[in-house]
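K.L.:
Sequence and predicted structure below; questions after.
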Amino acid sequence: MVRILVLHGPNLNLLGTREQSIYGTTTLDEIDAAIAQTAENLNIEVDTRQSNVEGELVTWIQEARTGYHGIIINPAAYTHTSVAIRDALAAVALPTVEVHLSNIYQREEFRHHSYIAGVAMAQLSGFGPAGYLLALQGLLEHLLEQGAKTGAATSKPVRRTRRRNA
Ligand code: DQA
């Protein structure tokens, strides 16, 4: 079964109350519940973790080498500062999707540069919490395509949507 690690960076534990005009009112627990529900629908496994500590995120990325097929990460402020997180992602070389709740390119200049984008297969910025769900879908499609090409063990998931005429 496909296994994906979802990482949330610093201050995202405060979602729901933090700068609501930018990040909305959805809490991180609610986002994680939506991620878990989507993963169940897609028949994949996800682990969601949050840390305010750069080194902890680096360690989790390193550990993902064994047992995970891909990573979804919102590095939050570390997006714009962390060579260490970029290097960890490059080192493990798992397909990675970078997610931002807000559109970082519409905000302050210092948010326009991402150290992560250069080592990510894709970036979603500005969809709010839905970005994580879109990332799951996109990453799964990518992994299945890669699996089909390489014969890897990422098997086609059982689709639970019923066809109208079935
Ligand atoms: C963020 C954008 C970052 O610039 C900011 O530091 C965050 C959250 C987002 O999800 O929009 O903490 O990653």
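P.N.:
It's in.

K.L.:
which one is residue 135 nearest to, not counting chain neighbours?
P.N.:
residue 97 (4.1 Å; C-beta to C-beta, 6 or more residues apart in numbering). Backbone N, C-alpha and C define where each C-beta goes, glycine included.

K.L.:
repeat for residue 28
P.N.:
residue 15 (4.8 Å).

K.L.:
give me the number of residues near that neighbour?
P.N.:
Number of residues near residue 15 (other C-beta atoms under 10 Å) recorded here: 22.

K.L.:
give me phi/psi at it?
P.N.:
Main-chain dihedrals, residue 15, degrees, to the nearest 10: phi -60, psi 140.

K.L.:
My read is that residue 54 contacts residue 84, right?
P.N.:
Yes. Using C-beta atoms under 8 Å, residue 54 is in contact with residue 84, at 6.1 Å.

K.L.:
Looking at these two, which is more packed in?
P.N.:
residue 54 (18 against 15).

K.L.:
Got phi/psi on that one?
P.N.:
Dihedral angles (degrees, to the nearest 10) for residue 54: phi -60, psi -50.

K.L.:
Next, count neighbours for residue 1.
P.N.:
Residue 1 has 10 nearby residues by other C-beta under 10 Å.

K.L.:
Please apply the same query to residue 141.
P.N.:
Neighbour number of residue 141 under other C-beta under 10 Å is 11.

K.L.:
Then residue 63?
P.N.:
12.

K.L.:
ditto for the one 5 residues further on
P.N.:
Other residues lying near residue 68 total 19 when counted by other C-beta under 10 Å.

K.L.:
my guess is it contacts residue 5, does it?
P.N.:
Yes. Counting by C-beta under 8 Å, residue 68 does reach residue 5; the two are 4.7 Å apart.

K.L.:
Find the residues that touch each one of the two.
P.N.:
Common neighbours of residue 68 and residue 5, using C-beta atoms under 8 Å, 6 or more residues apart in numbering, are residue 47.

K.L.:
Flag every buried residue along whichever helix in the chain runs longest.
P.N.:
Assignment by DSSP state H gives helix 130-150 as the longest helix of the chain. Within helix 130-150, the residues that count as buried by 16 or more other C-beta atoms under 10 Å are 131-136, 138-140, 142-144, 147.
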